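Colleague: Fold the following, please.
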Amino acid sequence: MPCTGSGRNTFLRDFMIDIQNQRDDRNIPIDKVGIKNLRYPITVRDRRDGFQHTVATINMYVDLPHRIRGTHMSRFVEILHTLRPEVSLRTFSETLEKMKEHLNAASATIEMAFPYFIEKLAPVSHSAGLMDYNCRILGSSDSNGKVDLVSEVIVPITSVCPCSKEISDVGAHNQRGEVRLETRFKKFIWLEDMIELVEASSSCDVYSVLKRVDEKEVTERGYTNAKFVEDIVRDIAKRLISDTNITWFSVSAENFESIHNHSAYAHIIRNKMTTL
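Modeller: The predicted structure is shown next:
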(Lines give C-alpha, C1' and ligand atoms only; values in the text may rest on other atoms or scores of the structure.)
Protein backbone atom coordinates (compact mmCIF):
# COMPACT_ATOMS: atom_id res chain seq x y z
CA MET A 1 0.00 0.00 0.00
CA PRO A 2 1.49 3.43 -0.93
CA CYS A 3 2.43 5.87 1.81
CA THR A 4 0.03 8.76 2.43
CA GLY A 5 -0.01 11.90 4.58
CA SER A 6 2.60 12.18 7.32
CA GLY A 7 3.95 8.71 6.54
CA ARG A 8 4.85 9.76 3.00
CA ASN A 9 6.49 12.94 4.28
CA THR A 10 8.59 10.91 6.71
CA PHE A 11 9.58 8.53 3.92
CA LEU A 12 10.67 11.43 1.67
CA ARG A 13 12.59 13.11 4.47
CA ASP A 14 14.49 9.94 5.33
CA PHE A 15 15.35 8.92 1.77
CA MET A 16 15.82 12.22 -0.11
CA ILE A 17 19.42 12.68 -1.30
CA ASP A 18 21.41 15.34 0.58
CA ILE A 19 23.03 17.10 -2.38
CA GLN A 20 24.88 19.62 -0.18
CA ASN A 21 26.78 16.85 1.61
CA GLN A 22 28.05 15.29 -1.59
CA ARG A 23 31.82 15.13 -1.92
CA ASP A 24 33.54 17.83 -3.98
CA ASP A 25 36.75 16.89 -5.83
CA ARG A 26 37.97 20.39 -6.78
CA ASN A 27 39.96 20.59 -3.53
CA ILE A 28 39.14 24.29 -2.94
CA PRO A 29 37.87 25.38 0.51
CA ILE A 30 35.46 28.36 0.71
CA ASP A 31 36.17 31.10 3.26
CA LYS A 32 32.61 32.38 3.61
CA VAL A 33 29.33 30.88 2.43
CA GLY A 34 25.86 31.70 3.66
CA ILE A 35 23.02 34.20 3.32
CA LYS A 36 23.00 37.97 2.74
CA ASN A 37 20.51 40.80 3.13
CA LEU A 38 17.98 38.95 5.25
CA ARG A 39 15.60 41.44 6.90
CA TYR A 40 14.52 40.35 10.35
CA PRO A 41 12.92 41.96 13.42
CA ILE A 42 15.26 42.22 16.41
CA THR A 43 15.37 43.76 19.86
CA VAL A 44 18.45 45.66 21.02
CA ARG A 45 19.34 47.12 24.39
CA ASP A 46 18.28 50.74 24.95
CA ARG A 47 19.99 52.78 27.67
CA ARG A 48 16.87 54.76 28.58
CA ASP A 49 14.01 52.32 27.97
CA GLY A 50 15.72 48.98 28.43
CA PHE A 51 14.97 47.58 24.97
CA GLN A 52 14.17 48.88 21.49
CA HIS A 53 12.51 47.02 18.62
CA THR A 54 13.94 47.54 15.15
CA VAL A 55 14.49 45.69 11.85
CA ALA A 56 17.95 44.47 10.92
CA THR A 57 19.58 43.51 7.63
CA ILE A 58 21.62 40.41 8.39
CA ASN A 59 24.46 38.49 6.75
CA MET A 60 25.46 35.06 8.09
CA TYR A 61 28.42 33.00 6.90
CA VAL A 62 30.43 29.90 7.76
CA ASP A 63 33.50 28.37 6.16
CA LEU A 64 33.12 25.30 3.94
CA PRO A 65 35.75 22.52 3.79
CA HIS A 66 37.20 21.59 0.41
CA ARG A 67 35.62 18.13 0.49
CA ILE A 68 31.98 19.31 0.92
CA ARG A 69 29.93 20.54 -2.06
CA GLY A 70 27.60 22.98 -0.29
CA THR A 71 26.22 24.30 2.99
CA HIS A 72 22.63 24.05 4.23
CA MET A 73 21.22 27.55 3.65
CA SER A 74 17.93 26.98 5.46
CA ARG A 75 19.73 26.30 8.73
CA PHE A 76 21.01 29.89 8.92
CA VAL A 77 17.50 31.30 9.32
CA GLU A 78 16.54 28.56 11.75
CA ILE A 79 19.57 29.36 13.91
CA LEU A 80 18.96 33.11 13.66
CA HIS A 81 15.58 32.56 15.28
CA THR A 82 17.40 31.64 18.49
CA LEU A 83 18.60 35.28 18.75
CA ARG A 84 15.08 36.44 19.44
CA PRO A 85 13.87 38.36 21.26
CA GLU A 86 17.12 40.08 22.29
CA VAL A 87 20.38 40.81 20.50
CA SER A 88 23.14 40.89 23.11
CA LEU A 89 26.79 39.99 23.41
CA ARG A 90 25.81 36.69 25.06
CA THR A 91 23.25 35.67 22.44
CA PHE A 92 25.63 36.70 19.64
CA SER A 93 28.32 34.40 21.00
CA GLU A 94 25.87 31.54 21.49
CA THR A 95 24.51 31.89 17.96
CA LEU A 96 27.98 31.86 16.41
CA GLU A 97 28.73 28.60 18.18
CA LYS A 98 25.40 27.11 17.08
CA MET A 99 26.19 28.03 13.48
CA LYS A 100 29.48 26.16 13.69
CA GLU A 101 27.84 23.17 15.35
CA HIS A 102 24.80 22.77 13.10
CA LEU A 103 26.63 23.57 9.86
CA ASN A 104 29.75 21.51 10.67
CA ALA A 105 31.95 24.59 10.26
CA ALA A 106 35.21 25.71 11.84
CA SER A 107 34.36 29.43 11.74
CA ALA A 108 31.23 31.59 11.67
CA THR A 109 30.39 35.25 11.05
CA ILE A 110 27.32 37.42 11.63
CA GLU A 111 26.92 40.99 10.32
CA MET A 112 23.85 42.81 11.56
CA ALA A 113 22.96 46.36 10.44
CA PHE A 114 19.96 48.23 11.84
CA PRO A 115 18.55 51.74 12.44
CA TYR A 116 18.65 52.81 16.08
CA PHE A 117 16.42 55.64 17.31
CA ILE A 118 17.16 58.14 20.07
CA GLU A 119 14.80 60.87 21.25
CA LYS A 120 16.68 64.15 21.10
CA LEU A 121 15.66 67.56 22.43
CA ALA A 122 16.39 70.77 20.54
CA PRO A 123 19.05 72.79 22.41
CA VAL A 124 16.93 75.86 23.34
CA SER A 125 13.23 75.13 22.76
CA HIS A 126 13.62 71.51 23.92
CA SER A 127 11.28 70.37 21.15
CA ALA A 128 11.49 66.58 20.93
CA GLY A 129 12.14 64.47 17.86
CA LEU A 130 13.60 61.09 16.99
CA MET A 131 17.06 60.83 15.45
CA ASP A 132 17.94 57.62 13.62
CA TYR A 133 21.50 56.29 13.55
CA ASN A 134 22.77 53.47 11.37
CA CYS A 135 24.42 50.86 13.57
CA ARG A 136 26.09 47.50 13.05
CA ILE A 137 27.20 44.60 15.20
CA LEU A 138 29.83 42.34 13.67
CA GLY A 139 30.59 38.98 15.27
CA SER A 140 32.88 36.10 14.38
CA SER A 141 34.12 32.89 15.96
CA ASP A 142 37.28 31.20 14.68
CA SER A 143 38.36 27.57 14.64
CA ASN A 144 39.74 27.91 18.18
CA GLY A 145 36.44 29.22 19.52
CA LYS A 146 37.73 32.77 19.95
CA VAL A 147 34.83 35.21 19.59
CA ASP A 148 35.44 38.69 18.16
CA LEU A 149 32.74 41.37 18.46
CA VAL A 150 32.77 44.85 16.93
CA SER A 151 30.16 47.55 17.53
CA GLU A 152 29.74 50.31 14.94
CA VAL A 153 27.76 53.56 14.79
CA ILE A 154 27.44 55.99 11.88
CA VAL A 155 26.68 59.47 13.18
CA PRO A 156 25.66 62.56 11.13
CA ILE A 157 27.40 65.76 12.23
CA THR A 158 28.03 69.32 11.09
CA SER A 159 31.42 70.97 10.77
CA VAL A 160 32.65 74.50 10.16
CA CYS A 161 35.95 75.02 8.32
CA PRO A 162 38.58 76.74 10.55
CA CYS A 163 40.49 77.97 7.49
CA SER A 164 37.39 79.56 5.95
CA LYS A 165 36.58 81.22 9.28
CA GLU A 166 40.10 82.59 9.58
CA ILE A 167 40.39 84.13 6.11
CA SER A 168 36.82 85.38 5.62
CA ASP A 169 35.57 88.80 6.67
CA VAL A 170 32.05 87.42 7.08
CA GLY A 171 30.98 83.85 7.83
CA ALA A 172 32.62 80.51 7.07
CA HIS A 173 31.62 77.54 4.96
CA ASN A 174 30.00 74.67 6.82
CA GLN A 175 28.61 71.31 5.85
CA ARG A 176 27.09 68.10 7.04
CA GLY A 177 29.40 65.19 7.62
CA GLU A 178 29.40 61.61 8.78
CA VAL A 179 31.53 59.89 11.39
CA ARG A 180 31.91 56.10 11.42
CA LEU A 181 33.10 54.70 14.75
CA GLU A 182 33.93 51.02 15.35
CA THR A 183 35.08 49.64 18.70
CA ARG A 184 36.21 46.44 20.34
CA PHE A 185 35.79 46.36 24.10
CA LYS A 186 36.24 44.35 27.28
CA LYS A 187 32.67 44.74 28.52
CA PHE A 188 29.39 45.97 27.08
CA ILE A 189 29.29 49.52 25.70
CA TRP A 190 26.06 51.44 25.02
CA LEU A 191 25.39 52.61 21.48
CA GLU A 192 24.29 55.90 23.02
CA ASP A 193 27.72 56.39 24.60
CA MET A 194 29.45 55.94 21.24
CA ILE A 195 27.02 58.31 19.52
CA GLU A 196 27.34 61.00 22.19
CA LEU A 197 31.14 60.83 22.03
CA VAL A 198 31.04 61.50 18.29
CA GLU A 199 28.53 64.33 18.56
CA ALA A 200 30.52 66.03 21.32
CA SER A 201 33.61 65.96 19.09
CA SER A 202 31.99 67.67 16.07
CA SER A 203 31.46 71.38 15.44
CA CYS A 204 27.81 70.75 16.26
CA ASP A 205 25.50 67.76 16.26
CA VAL A 206 22.44 67.26 14.06
CA TYR A 207 18.81 67.45 15.23
CA SER A 208 15.52 66.29 13.73
CA VAL A 209 13.53 69.26 15.10
CA LEU A 210 14.81 72.86 15.30
CA LYS A 211 12.83 76.03 16.02
CA ARG A 212 14.24 79.45 15.11
CA VAL A 213 15.89 79.87 18.51
CA ASP A 214 17.50 76.45 18.08
CA GLU A 215 18.71 77.22 14.57
CA LYS A 216 20.41 80.35 15.89
CA GLU A 217 22.03 78.31 18.65
CA VAL A 218 23.42 75.53 16.45
CA THR A 219 24.65 77.98 13.80
CA GLU A 220 26.55 80.04 16.34
CA ARG A 221 27.79 76.98 18.25
CA GLY A 222 29.26 75.51 15.09
CA TYR A 223 30.90 78.80 14.13
CA THR A 224 32.60 79.13 17.51
CA ASN A 225 33.71 75.47 17.37
CA ALA A 226 35.22 75.23 13.88
CA LYS A 227 36.89 71.88 13.16
CA PHE A 228 38.65 70.09 10.32
CA VAL A 229 37.98 66.37 9.80
CA GLU A 230 41.46 65.91 11.27
CA ASP A 231 40.37 67.66 14.47
CA ILE A 232 37.24 65.52 14.75
CA VAL A 233 38.95 62.12 14.47
CA ARG A 234 41.79 63.20 16.78
CA ASP A 235 39.38 64.43 19.45
CA ILE A 236 37.46 61.13 19.32
CA ALA A 237 40.67 59.09 19.32
CA LYS A 238 42.02 60.97 22.35
CA ARG A 239 38.94 60.00 24.37
CA LEU A 240 39.07 56.39 23.24
CA ILE A 241 42.78 56.01 23.97
CA SER A 242 42.15 57.02 27.58
CA ASP A 243 39.15 54.66 27.93
CA THR A 244 40.44 51.42 29.49
CA ASN A 245 37.35 49.50 28.32
CA ILE A 246 38.21 50.04 24.64
CA THR A 247 40.80 47.62 23.22
CA TRP A 248 40.65 48.65 19.54
CA PHE A 249 38.94 51.35 17.52
CA SER A 250 38.53 52.69 14.02
CA VAL A 251 37.17 56.21 13.54
CA SER A 252 36.70 58.04 10.25
CA ALA A 253 35.15 61.39 9.40
CA GLU A 254 33.87 62.49 6.00
CA ASN A 255 32.71 66.02 5.27
CA PHE A 256 30.37 66.41 2.31
CA GLU A 257 31.94 69.70 1.29
CA SER A 258 29.66 72.63 0.44
CA ILE A 259 32.20 74.50 -1.73
CA HIS A 260 34.02 71.55 -3.34
CA ASN A 261 32.97 68.75 -5.65
CA HIS A 262 34.60 66.20 -3.35
CA SER A 263 34.60 65.15 0.31
CA ALA A 264 37.22 65.76 2.97
CA TYR A 265 38.23 62.60 4.85
CA ALA A 266 40.33 61.44 7.81
CA HIS A 267 40.74 58.01 9.42
CA ILE A 268 42.48 56.67 12.55
CA ILE A 269 42.83 52.98 13.53
CA ARG A 270 44.42 51.94 16.83
CA ASN A 271 44.93 48.52 18.40
CA LYS A 272 45.50 49.42 22.03
CA MET A 273 46.32 45.80 22.96
CA THR A 274 49.59 46.01 21.05
CA THR A 275 50.75 48.89 23.23
CA LEU A 276 50.07 47.17 26.58
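
Colleague: so where do the strands sit in the stretch 51-200 of the chain?
Modeller: For the stretch 51-200 of the chain, the strands defined by DSSP state E, counting those that start in this stretch cover 108-121, 128-141, 147-160, 174-185.

Colleague: would JSON lines of those strands with mean pLDDT be doable?
Modeller: Written out in JSON lines, the entries for the strands of the stretch 51-200 of the chain read as follows (pLDDT from 0 to 100):
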{"stretch": "strand 108-121", "mean pLDDT": "97"}
{"stretch": "strand 128-141", "mean pLDDT": "97"}
{"stretch": "strand 147-160", "mean pLDDT": "96"}
{"stretch": "strand 174-185", "mean pLDDT": "96"}
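
Colleague: So which of those is nearest Arg69?
Modeller: Judged by C-beta to C-beta, the one of the strands of the stretch 51-200 of the chain that comes nearest to Arg69 is strand 108-121, at 19.2 Å. Any C-beta I mention is one placed from the backbone N, CA and C, and that applies to glycine too.

Colleague: I'd like to know which elements that closest one is packed against.
Modeller: Helices and strands touching strand 108-121, by 3 or more C-beta pairs under 8 Å, 6 or more residues apart in numbering; DSSP states H and E, are strand 30-46, strand 50-64, helix 89-102, strand 128-141, helix 191-200.

Colleague: Quick check: closest non-adjacent residue to Lys66.
Modeller: Quick fix: residue 66 is His, not Lys. Closest residue to His66 apart from its sequence neighbours, by C-beta to C-beta, 6 or more residues apart in numbering: Pro29 at 4.3 Å.

Colleague: likewise Arg221?
Modeller: The nearest residue in space to Arg221 (C-beta to C-beta, 6+ apart) is Cys204, at 4.9 Å.

Colleague: Check Val218 too.
Modeller: What sits nearest to Val218 in space, not counting adjacent residues and going by C-beta to C-beta, 6+ apart, is Cys204, at 5.0 Å.

Colleague: Can you get me the start-to-end distance on stretch 59-77?
Modeller: Taking C-alpha to C-alpha, to the nearest Å, the first and last residues of stretch 59-77 lie 10 Å apart.

Colleague: tell me which residues in it are buried?
Modeller: Taking 16 or more other C-beta atoms under 10 Å as the basis for neighbour counts, the residues of stretch 59-77 that come out buried are 59-64, 68, 71, 75-76.

Colleague: got it, and stretch 170-178?
Modeller: Neighbour-count burial for stretch 170-178, counted by 16+ other C-beta under 10 Å, picks out 172, 174-175, 177-178.

Colleague: Just give me the closest of the residues you listed to Met99.
Modeller: Nearest to Met99 among the buried residues of stretch 170-178, with distances taken as C-beta to C-beta, is Glu178, at 31.8 Å.

Colleague: burial measure for the residue lying closest to that closest one once chain neighbours are set aside, as a count.
Modeller: Taking C-beta to C-beta, 6+ apart, and ignoring the residues beside it in sequence, Glu178 has Glu254 as its nearest neighbour in space, at 5.2 Å. Applying other C-beta atoms under 10 Å, we find 18 residues neighbouring Glu254.

Colleague: so who does Glu254 touch?
Modeller: With contacts taken as C-beta atoms under 8 Å, 6 or more residues apart in numbering, Glu254 has the following neighbours: 177-180, 229, 263-265.

Colleague: and with 10 Å instead?
Modeller: Residues near Glu254 by C-beta atoms under 10 Å, 6 or more residues apart in numbering: 157, 176-180, 229, 232, 263-267.
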